[in-house]
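The sequence isn't on hand, but the structure is:
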């Protein structure tokens, strides 16, 4: 039987922070990164947990992320936009710094956008979505990635897996949150199939010649496909336009050109929209939060599930029993802490 | 051989306006409605062309739309929101009235939202998207519909076909535009299958007991399915939250309750977001419009298509050769004009 250690969220947070500090990251970077990776582990979202530490350290070692970055938020220019310059660091520290300005502006104007530029991307979008819903605001978040997905009808990797995330605040329960790749599957899932020696389901990928394949190795050398056919392809293209070109940052093909590999964390911008349901619903009949609860109840009532429920159950379990780490995970964390880049 | 009449856009516009005037619609309503239906015919988008006149007249006859509505735009409250009250008329007149305020606000603040309340919905969303891109702005538009789609994992109609549309302005060519139902297919397509006596593809629909069906009749009495599985279902739910509950207007199940049928035009609100790429890209390297052109060229270059291209080709053809109407269509327009509700 595999030996499992249980740690608290706080203990894991400190352990990961220590790893990043030892690797040369400053406190702003390491703290924010540790918070999202700890949240991933806590929510049993293994593909966005401590699994990401290795790639993060590789990216730092390759000089493709600024470990000393102190992000800057531009002074209010009177528009609905908040601009955060991540200064080449990870997006997370920039997001944390800019969040109060985004919340204030969204409440005052009804909606606002946070643009994060010159950042390296780490982890999922739901931690950011949840940080916004915690303030009673709805959120829509998107960003490009590296070019690994063929547009529908195409043959070559061009679009990113371009995640699209949304959140709606709920007063007495976890928020309504979805966060998914606009590819059929996340690239991490293809990699997990490869490691497990399993074939992919049909419709996930093309090989290097642009033909359909179920071989994960061929898929990683070819292209993944968008979810939902031409509709998903269109949404993914919208994300390149809005969350790369519109905000003056790299598109997915530019990200891949810049890095030359998909094994390092991608460098690009991020677009975060926040909406105040109170401001939008002002003067109209009915409380939007109460009405949303009735909507959720009806969906659950017919046997469908709300997104992220598995994640929220895992979170409750972690709060009650701690976060489980296997012996090999514990050993790996220890190696990262004591050996730094030499552990890679 | 079927006899075909060719008419100009202007002539068809006037003919449809005359039909609506004869049916009692005021000039603001009839003019705006005729413009979108004419645009549908012009673009060979038959399901959003003169085919819709009949349902429009039925809706007026049932007293479920205010044919005399004069929409009102609320005075600027200093927020990023523009509020248009359609006064129970069709959304189109309200949109036309509010568009200048939306454009001005999006340019000034970088982005803005137009909320249309208390409107009846007619035609597609792309005419509105294109009206915004014509001003050099990007647009995202969404609205609910009547409850005809089961959430993924559910068994009963609850969500609407909830269209999601986006546009990006292009300087020397037609804009990048998509506009699609978040159901696998539009309800009109299921109806066209029924009329043609054709089975539906698998994965489109459930019967009244919640079991998968390919029978269009059973599907119309059961539920359609979202596109792209749980991801499309989540986006459709987001549209209920943002473009119904957040803006204080009816959700898809409420629309169906209100009308008691799907044969009349649905009453609900609409959410229209406009973004200024110039404002978002300010201070960043690269012209966003030039960069977008390079993106489109690369997509086309690998054999994929941009959305709406068939529609734009049809538009060019109509401009050169006129809009083709069959003998039966011409006769129907004549009947609507001379007999009004009696032609139904």
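Arrived safely. Given the structure is predicted, the values throughout are model-derived calculations rather than measurements. Numbering: from 1, shown residues only, chains lettered A, B, ... in the order given.

tell me the helices in the stretch 51-200 of chain A, going along the chain?
With DSSP state H, counting those that start in this stretch as the criterion, the stretch 51-200 of chain A has helices at A:53-61, A:91-109, A:126-133, A:187-196.

can I get those in JSON lines with mean neighbour count?
C-betas here are computed from N, CA, C, even on glycine. Shown next, in JSON lines, are those (neighbours: other CB atoms under 10 Å in any protein chain shown):
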{"stretch": "helix A:53-61", "mean neighbour count": "20"}
{"stretch": "helix A:91-109", "mean neighbour count": "22"}
{"stretch": "helix A:126-133", "mean neighbour count": "24"}
{"stretch": "helix A:187-196", "mean neighbour count": "16"}
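
Now mean pLDDT too, for those, in a markdown table please.
Conversion of the helices of the stretch 51-200 of chain A to a markdown table gives the following (pLDDT from 0 to 100):
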| stretch | mean pLDDT |
| --- | --- |
| helix A:53-61 | 95 |
| helix A:91-109 | 98 |
| helix A:126-133 | 98 |
| helix A:187-196 | 88 |
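
Go through those and name the closest to residue B:335.
helix A:91-109 (50.2 Å; CB to CB).

Who are the packing partners of that closest one?
Judged by 3 or more CB pairs under 8 Å, 6 or more residues apart in numbering or on different chains; DSSP states H and E, the packing partners of helix A:91-109 are helix A:27-42, strand A:72-73, strand A:81-85, strand A:111-120, helix A:126-133, strand A:267-275.

In a markdown table, list the ones you listed along with distance to residue B:179.
Listed next are the helices and strands packed on helix A:91-109 as a markdown table, based on distance: least, CB to CB, whole Å:
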| stretch | distance to residue B:179 |
| --- | --- |
| helix A:27-42 | 35 |
| strand A:72-73 | 36 |
| strand A:81-85 | 26 |
| strand A:111-120 | 22 |
| helix A:126-133 | 26 |
| strand A:267-275 | 20 |
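
Residues in contact with stretch A:204-215: which ones?
Stretch A:204-215 has contacts (CB atoms under 8 Å, 6 or more residues apart in numbering or on different chains) with A:150, A:154-156, A:184-185, A:190, A:199-203, A:216, A:218-219, A:221-225.

Need the distance between the two termini of it.
Terminal residues of stretch A:204-215 lie 10 Å apart, using CA to CA, to the nearest Å.

Tell me how many other residues crowd residue A:4.
Residues near residue A:4, counting by other CB atoms under 10 Å in any protein chain shown, number 12.

So it versus residue A:321, what's the distance?
11 Å (CB to CB, to the nearest Å).

So which of the helices of the stretch 51-200 of chain A is nearest residue A:20?
helix A:53-61 (7.6 Å).

Report all helices and strands that the closest one contacts.
Judged by 3+ CB pairs under 8 Å, 6+ apart, the packing partners of helix A:53-61 are helix A:9-22, helix A:327-339.

Just the buried ones among the contacts of stretch A:204-215, please.
Buried by 16 or more other CB atoms under 10 Å in any protein chain shown: A:150, A:154-156, A:184-185, A:190, A:200, A:216, A:218-219, A:222-225, out of these.

Farthest pair within those?
By the measure CB to CB, A:154 and A:216 form the most distant pair in the buried ones among the contacts of stretch A:204-215, at 20.4 Å.

picking that back up, check the helices and strands packed on helix A:53-61 for me and report the most buried one.
Looking across the helices and strands packed on helix A:53-61 with neighbours counted as mean count of other CB atoms under 10 Å in any protein chain shown, the highest average goes to helix A:9-22: a mean of 19.

okay, the angle between that one and helix A:53-61?
Helix A:9-22 runs at 30 degrees relative to helix A:53-61, counting by axes from the mean of the first three to the mean of the last three CA atoms, to 10 degrees.

Tell me the helices and strands packed up against helix A:9-22.
Other helices and strands packing on helix A:9-22, by 3+ CB pairs under 8 Å, 6+ apart, are helix A:27-42, helix A:53-61, strand A:323-326, helix A:327-339.

near chain B, which residues of the stretch 1-150 of chain A show up?
A:78-81, A:108-113, A:115, A:117, A:138, A:140, A:150 (CB under 8 Å from any CB of the partner chain).

So how do I select the buried members of those residues in ChimeraX?
In ChimeraX, a selection of the buried entries from the residues of the stretch 1-150 of chain A next to chain B looks like this (16+ other CB under 10 Å):
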select /A:79,80,81,109,110,111,112,113,115,117,138,140,150
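
Between the residues of the stretch 1-150 of chain A next to chain B, which sits nearest residue B:29?
Set against residue B:29, the nearest of those by CB to CB is residue A:110 (28.2 Å).

Spatially nearest residue to the closest one (excluding sequence neighbours)?
Computed as CB to CB, 6 or more residues apart in numbering or on different chains, the closest residue to residue A:110 that is not its neighbour in sequence is residue A:279, at 3.7 Å.

mind checking which helix or strand the one you found is in?
helix A:277-281 (DSSP states H and E).

Report the buried residues of that helix.
So, applying 16+ other CB under 10 Å, buried residues of helix A:277-281: A:277, A:279-281.

Save the residues you listed as TSV, and put in pLDDT and distance to residue A:90 too.
Converted to TSV, the buried residues of helix A:277-281 look like this (pLDDT from 0 to 100; distance: CB to CB, whole Å):
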residue	pLDDT	distance to residue A:90
A:277	98	30
A:279	98	31
A:280	98	32
A:281	98	35
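
residue ranges with poor pLDDT in chain A?
In the predicted model, chain A carries pLDDT under 70 at residues A:1-2.

Please report the distance of the residue positioned nearest the centre of it from chain B.
Centroid check for chain A by CA atoms, centre = their mean gives residue A:124 as the closest residue, at 1.8 Å. According to CB to the nearest CB, to the nearest Å, residue A:124 and chain B sit 15 Å apart.

was I right about that residue contacting residue A:177?
No - here residue A:124 lies out of contact with residue A:177, judged by CB atoms under 8 Å, at a distance of 10.1 Å.

Let me see the domain layout of chain A.
Per automatic domain parsing, the structural domains of chain A span A:1-61+A:308-344, A:70-183+A:226-307.

Could you tell me the end-to-end distance of the last one?
Spelled out, it's domain A:70-183+A:226-307. Taking CA to CA, the first and last residues of domain A:70-183+A:226-307 lie 34 Å apart.

how far out from the middle of the chain is it?
On the basis of CA atoms, centre = their mean, to the nearest Å, domain A:70-183+A:226-307 is displaced by 9 Å from the centre of the chain it belongs to.

before we move on, back to that, in strands, which of the contacts of stretch A:204-215 fall?
A:223-224 (DSSP state E).

before we move on, back to that, any shared contact partners between residue A:124 and residue A:177?
Both residue A:124 and residue A:177 are in contact with residue A:165, where contact means CB under 8 Å, 6+ apart.

Which residues does the residue nearest to residue A:101 when sequence neighbours are not counted form beta bridges with?
Take residue A:101 and drop its neighbours on the chain: the residue closest to it by CB to CB, 6+ apart is residue A:82, 4.6 Å away. Assessed by DSSP bridges, residue A:82 has beta-bridge partners residue A:114.

how many neighbours does residue A:82 have?
For residue A:82, the neighbour count with other CB under 10 Å is 25.

List the contacts of the residue nearest to residue A:189 when sequence neighbours are not counted.
Excluding the flanking residues, the one nearest residue A:189 by CB to CB, 6+ apart is residue A:47, at 7.5 Å. For residue A:47, the contact set (CB under 8 Å, 6+ apart) comprises A:40, A:186, A:188-189, A:192.
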